[in-house]
Every structure is written in structure tokens, then in C-alpha cells.
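> build me a model:
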Amino acid sequence: MRWTRAQNNGRMHLRRRALAVLCAVALLTPVALGFSPAEAARPEPAPAAAPRATPAAPLLGERFDVTGKIGSSTRAVKLQRRSSDGSWTTVASGTTTRTGRYAFVTRARSTTVVLRVLAPATSEKAKRRTGAVTVTTTAETSSLSLTGNRPTLTVVSTLSPARTGRVLRLQVLRGGSWRTLAEKTQTSSPTQGWPLADPGGRPQQYRLVALGFDGSAPYVGTAIALTPYPAPGTLPRITLSTEGAKPVASREEYVSGTLQVDDGAAQPMQIKGRGNSTWAMPKKPYRIKLATKAGLLGMPEEKDWVLLANFADRSALRTWTAFGIAAKTSLGWTPDSRFVDVTLNGIDIGLYQLTEQIEANKDKVALKAGGLLLEVDSRYVENEEPGFTSPHGMPLAFKDPGEPTESQKSDVGASVSAFETALYGPDYLDPVTGYAKYVDLDSFADWYLVNELMKNLDSDFWSSVFVSWDPAGTFTMGPVWDFDFSSGYARTSTSTCCASTQGWWLRFDEGAKRQATHNTHWLTRMITDPAFLARVEQRWRDVVGPATGEAIDGLAAQQALIATSAAGDRATWHADGQSLPGTVHAPDQPGETDYLISWLTARRAWMESQLG
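Model prediction:
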């Protein structure tokens with residue numbers, strides 16, 4: 001068969017196209033595609049089983065194990081994490097055992113992570129991968145509850161998930177800061193029991209804290225109010241015995257003896273009288289000094305203690321209430337207290353409030369090096385206590401720690417003078433050059449609000465007004481103290497003082513009948529500063545107002561706690577009609593508590609209308 005020229009040209013064109021196709025196919029060999037001939041000859045096996053995470057639901061940030069098996073011999077492996085775009089990122093590399101087992105440790109850096117293990121191809125082995133596992137972190141949860149009856153109480157905590165070996169702490173809110181009561185190591189159980197020393201019936205805020213574990217962040221549980229009210233009539237009893245039954249007849253000289261709490265061991269102690277006007281009342285207050293420190297009824301270990309008689313407070317609950325409110329403020333420390341029945345030399349002397357003594361130390365009034373605790377006390381000369389009167393007539397006594405040096409006396413006098421010069425000067429409102437640089441404003445605001453709320457008679461810068469001095473020249477108010485003459489107390493027919501739930505007591509008020517010499521004390525002047533007044537209003541809204549509501553809510557239960565003891569106390573000290581003018585509001589102690597509740601409720605409402 002003969003071909004035409006055109007046909008020959010067509011055949012050559014087809015041959016060229018076929019050759020081009022063959023060349024292209026040749027380029028797609030395993031070597032050209034990047035695979036070894038051995039790997040190209042072996043298709044990738046099916047995925048191995050997905051890894052196992054232990055714990056399956058780790059805490060956020062906690063390290064966890066990733067384990068599994070891929071193949072049956074030793075080979076290099078990579079732990080990979082899937083990114084949000086679907087790609088895989090290597091987070092760790094390792095080698096399997098001779099049986100193909102692998103183990104990685106990684107961290108839960110996000111709430112959900114997807115992981116797999118990849119075994120890269122080698123000249124002898126095909127590439128392999130595992131299925132993917134999704135690891136979701138777990139949220140920690142906790143709870144607190146109270147079981148038992150006084151004096152055997154237990155806080156029961158739960159923290160899930162449990163981590164054996166994790167350090168747990170039970171904390172209580174005292175003096176505006178969290179203090180650790182006990183520490184223990186968690187077991188495999190989420191539930192732990194914490195024996196609790198008798199807290200005396202006052203509602204207190206507790207929380208559970210867990211330290212960071214295996215890379216996780218520390219956990220801080222929600223604060224929970226636990227109210228360990230024992231049954232009425234079960235107050236602790238303090239038994240005081242002096243050597244030879246010697247009477248305690250002086251505020252200056254201690255008498256030696258022993259102190260016993262319930263059926264506990266007797267502790268050596270010394271006792272003397274205390275107070276100013278309260279020492280002249282039929283029921284006496286006392287000061288106790290133990291030979292060695294002891295934590296009485298669950299309070300911190302100390303040597304010095306006070307037994308408040310509360311003779312003028314027919315409810316016995318005014319100081320207790322004020323302490324509870326102040327403890328929730330910015331004031332650095334507020335005395336803790338417990339109600340107790342007291343026996344002195346075999347005689348039942350009634351219901352008392354066992355209270356921490358105000359003093360300067362790291363756990364109470366914490367002073368900076370060289371600092372001093374001062375008290376505004378109009379009787380410091382009469383009581384022969386060291387002190388001085390400021391240029392603006394403020395009587396200041398040196399309270400603690402010990403007798404100040406001449407240098408300290410000179411420096412604190414200069415600081416008070418500089419503060420008062422700025423406070424009563426024409427530029428006192430200036431935030432830089434005025435009085436504000438000399439004081440801790442929040443402590444002044446909180447101290448003012450607690451005492452103004454209660455209409456505390458002595459807080460009008462007469463006595464029991466404590467303030468700390470810092471050698472840098474600044475002053476901090478607190479702690480609060482002595483509220484027996486407050487909250488409805490009507491001193492005389494010509495000085496109603498605290499009877500009305502309305503009107504100001506500590507700031508200038510034309511209608512208030514004030515102490516004779518203190519109409520221009522520091523806070524009277526400070527409250528005229530719009531910036532300080534705004535701070536006072538904010539502290540009321542944020543702290544003192546809500547704390548007052550909580551205190552009012554707890555009064556009825558506290559009254560039930562002390563009811564039996566209060567009835568006996570009344571029979572001992574008021575059966576013959578003994579009373580101070582302006583202190584009687586009801587025929588019995590429950591009625592007095594009802595009066596206090598209604599008075600504080602109305603007072604709070606009035607202050608809300610002024611400050612809220």
C-alpha cells in the first residue's frame with residue numbers, strides 16, 4: 001500500500017504524541033514522586049488504634065500521658081496535634097519499644113485537643129499513623145459543708161476531679177484577708193474532712209484552695225459562709241481561779257491563778273480588771289495574760305485576752321455585730337471573739353465575750369518597722385498613760401509596742417502636726433499637697449462607716465479610737481473597738497446621742513449633741529472633701545452596706561445561741577432593776593435583740609438613702 005505525503009506526515013505526528021505521553025508517564029515513577037521503591041511497592045496500612053490519654057479528662061494545664069501501639073517493632077514516632085485549619089503539627093518525637101509501644105507526655109494547653117501518632121516511612125517500613133483521639137479538659141468543682149455539733153465540728157470538702165498527692169488548704173476570711181486553717185494532701189477520694197475548732201457561732205467565710213498540680217494552675221474555690229450555730233445553752237465555760245481565791249479588785253495589778261476551758265487542762269494565768277467607765281459598773285470586765293500562748297476556742301494563739309462584760313449592752317450583741325461587719329472591710333485586722341459563760345473562784349459571774357486583745361504584732365495590728373499604735377483617748381492624762389495632745393486638740397496615747405523612744409515621740413508628733421496642718425489648711429482638698437497623702441483613705445472610710453452605722457458614742461474621737469502611725473508619715477485607722485454604748489443608746493435626756501436611726505454622728509451635724517471637745521476631729525474635716533465623701537459612698541455600696549445586711553440576718557440565730565446564758569446573766573446582774581439610763585429597750589434579752597435588729601435595719605435604710 002502506498003502512502004501519500006500527507007498520510008506520512010500524519011503518521012509521524014501520531015508517533016511524536018505517543019512518545020511524549022510515554023515520557024510523561026516515565027516521569028511519574030516512585031523515585032520521581034519522592035518514594036523509595038520499597039515504600040512505593042507497599043501501600044500504607046490501615047490506621048492503628050487511636051492513642052489513650054491518661055487521665056482521660058485532664059485539668060487545664062495538667063500534664064497527661066499519651067500511650068498506645070503502632071506496629072510490632074522499634075521505629076521513630078511523632079506525637080501530632082491537629083491545628084484549627086486541619087493541618088497536623090508535631091509536638092513531640094520518640095521511639096517505640098521492640099513491640100511497637102509508644103509513650104508521650106504532653107500538656108493540656110486548651111480545653112480541647114485532637115492528637116494522633118505518626119510513624120514516618122523508612123527504607124524498610126511503610127508510613128503509619130494512628131486514629132485521632134480527642135482530649136477534653138475537665139473543670140474543677142468544689143463544695144464545703146459543716147457537720148457535727150459544738151465542740152466537735154468538721155468541715156467536709158469535695159474537690160473533683162481528685163488528684164492523689166495534691167496539696168489542699170482550708171482557709172477562713174479574717175480581718176479582710178484569707179488565713180490558712182489547715183493543710184493536707186488529697187487522696188484518691190474527692191472528699192476530705194477537716195476538724196474545726198469551735199468558731200463560736202459567728203457565720204464565717206471559708207474556701208478550699210488547691211495548689212497547682214502536675215502543671216495545672218492553682219484552684220481557688222468559691223467562698224462559702226458556714227454558720228456553726230450550736231444548740232442554745234451550750235456555750236463554752238471559762239473557769240478562772242486565783243491563788244487563795246484572791247479577789248480581782250484592780251486594773252493595775254495582776255492576780256495569779258489558772259484558766260480552764262470546759263474540761264480542759266488548767267493553764268497558768270494572771271488576771272486584772274480593765275476598762276474605764278465599764279470598770280465602775282457592777283459586772284466587771286477583765287484582762288487575762290496566759291503564761292504561754294494558747295489558741296482559746298479556735299482563735300489564734302496569744303497570751304493576752306479580754307473578757308468583755310457588756311453590762312451596758314442588754315442584748316450583749318452590739319460589739320459582736322460591729323466586729324462582724326468590720327472584719328469584711330479593708331481594716332487590716334479585727335478582733336475575733338467567742339461568747340462564754342464564766343466562773344470566777346467558784347461563782348458564776350455570767351455571760352462574757354472572750355476577745356482578742358488589741359496589740360501590735362504581725363498577726364494583729366501589723367506595723368512597719370519603727371511604727372506605733374496610737375489611741376485617741378481623752379483620759380490618757382487621768383490614766384497616767386504616755387501620750388500627747390496634737391496642735392488641734394487631739395489626745396493621743398501611745399499604746400503599742402511598748403514605751404516609744406524619744407526619737408519616735410518626736411517623729412510621730414511631727415507627723416501629726418504636718419497632717420493637721422494640711423488637713424486644716426486652705427489647700428486641704430488638693431490630692432497632691434493636701435491631707436490625702438498622709439492617710440490610708442480606705443481604712444479611714446471603712447472605720448468611719450462602721451462607727452457611723454452603729455452611732456458609737458466613744459467613736460466621736462473621745463476614746464477607743466485606734467490609729468497606726470508609719471514612720472514614713474502616714475496614718476491608718478483601726479481596729480474598731482467598744483460598741484456597748486451604741487445603736488439606740490440614749491445617754492441622758494439632754495444628750496440623746498445614739499437613739500435616733502437618722503442623722504449623722506461622726507460628721508458635722510447641727511442636730512447632733514456631741515462630745516464637748518471634739519466637734520472638729522479629723523473625720524469631721526475629711527468628710528467635707530468631695531473626693532473622700534465619694535470614696536465613703538463607694539465603700540458603703542461595695543462593702544459596708546452588704547456586710548450590714550449579712551450581720552442583721554445573723555443576729556436572730558446568734559441570739560438563740562446565747563439565749564440560755566443571757567437569761568442567767570440577766571437574773572444575776574439586772575434582777576434588782578440595775579441598769580444605766582438609756583440602755584433599756586425591752587423587758588428581756590430576746591426583746592433587746594429584736595430592738596437591735598429593728599434599729600440597725602432602719603439605720604441601714606437611712607444610710608442607704610444618704611449614701612446609696
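> the chain: helices as residue ranges?
Assignment of helices within the chain using DSSP state H yields the ranges 5-27, 37-41, 318-326, 406-423, 441-454, 522-526, 530-539, 545-573, 589-611.
> determine which of these approaches residue 99 most closely.
helix 37-41 (22.8 Å; Cβ to Cβ). All C-beta spots, glycine's among them, are computed from the backbone N, C-alpha and C.
> now do that closest one, average pLDDT.
Average pLDDT, helix 37-41: 47.
> which stretch among the helices of the chain comes nearest residue 54?
helix 37-41 (33.2 Å).
> from residue 288, how far off is residue 258?
Note on residue 258: its distance to residue 288, by Cβ to Cβ, to the nearest Å, is 11 Å.
> these two: who's more crowded?
When neighbours are counted by other Cβ atoms under 10 Å, residue 258 and residue 288 differ, and residue 288 comes out ahead with 23 against 17.
> show me what contacts the more buried one?
240, 259, 269, 270, 271, 304, 305, 306, 307 (Cβ atoms under 8 Å, 6 or more residues apart in numbering).
> kindly report the same for residue 451.
By Cβ under 8 Å, 6+ apart, the neighbours of residue 451 are 322, 459, 480, 505, 506.
> wait, residue 262 sits on residue 236?
Yes - at 5.6 Å, residue 262 counts as touching residue 236 under the criterion of Cβ atoms under 8 Å.
> which one of those two has more residues nearby?
residue 236 (21 against 13).
> grab the nearest non-local neighbour of the more buried one.
Leaving aside its chain neighbours, residue 236 sits nearest to residue 340 (5.0 Å; criterion: Cβ to Cβ, 6 or more residues apart in numbering).
> quick check: beta-bridge partners of that neighbour?
Beta bridges link residue 340 to residue 352, judged by DSSP bridges.
> repeat for residue 158
residue 143, residue 191.
> return the distance of it relative to residue 145.
From residue 158 to residue 145 the distance is 9 Å (Cβ to Cβ).
> who has more neighbours, these two?
residue 158 (16 against 11).
> surely that one meets residue 140?
No - look at residue 158 against residue 140 with Cβ under 8 Å: they stay out of range, at 10.6 Å.
> verify the stated contact: residue 396 with residue 389.
Yes - using Cβ under 8 Å, residue 396 makes contact with residue 389 at a distance of 7.2 Å.
> the two: which is more packed in?
When residue 396 and residue 389 are compared for neighbours, residue 396 comes out ahead with 22 against 13, by other Cβ under 10 Å.
> what sits against that one?
374, 375, 376, 377, 380, 387, 388, 389, 390, 416.
> what does residue 476 give?
332, 439, 440, 443, 467, 468, 470.
> could you do residue 122 as well?
Applying Cβ under 8 Å, 6+ apart, we find residue 122 in contact with 75, 76.
> now do 7 Å
Contact analysis of residue 122 by Cβ atoms under 7 Å, 6 or more residues apart in numbering lists residue 75.
> now do it, the pLDDT please.
Residue 122 carries a pLDDT score of 91 in this model.
> what does residue 240 give?
97.
> do residue 193 as well
90.
> thought it was touching residue 147?
No - taking contacts as Cβ atoms under 7 Å, residue 193 lies outside contact range of residue 147: 8.3 Å.
> overlap in contacts, the two.
154, 156.
> does residue 144 touch residue 208 like I think?
Yes - counting by Cβ under 7 Å, residue 144 touches residue 208, with 6.2 Å between them.
> neighbour count winner among those two?
residue 208 (23 against 19).
> wait, what's in contact with the more buried one?
Contacts of residue 208 by Cβ under 7 Å, 6+ apart are 142, 144, 157, 159, 168, 170, 221.
> which one (most neighbours) among these?
Of all those, the highest neighbour tally under other Cβ under 10 Å goes to residue 157, namely 24 neighbours.
> how about the contacts made by that residue?
142, 144, 170, 192, 194, 208.
> looking at those residues, spot the one nearest residue 345.
Using Cβ to Cβ, residue 194 is the member of the contacts of residue 157 that lies nearest residue 345, at 37.7 Å.
> count the neighbours of the closest one for me.
By the criterion of other Cβ under 10 Å, residue 194 has 20 neighbours.
> quick one: it and residue 182 touch, right?
Yes - using Cβ under 7 Å, residue 194 is in contact with residue 182, at 5.5 Å.
> overlap of the contact sets of the two?
residue 170.
> gap between the spatially closest residue to residue 328 that is not a sequence neighbour and residue 423?
Nearest non-adjacent residue to residue 328, counting by Cβ to Cβ, 6+ apart: residue 547, 4.2 Å away. Taking Cβ to Cβ as the measure, residue 547 falls 28 Å from residue 423.
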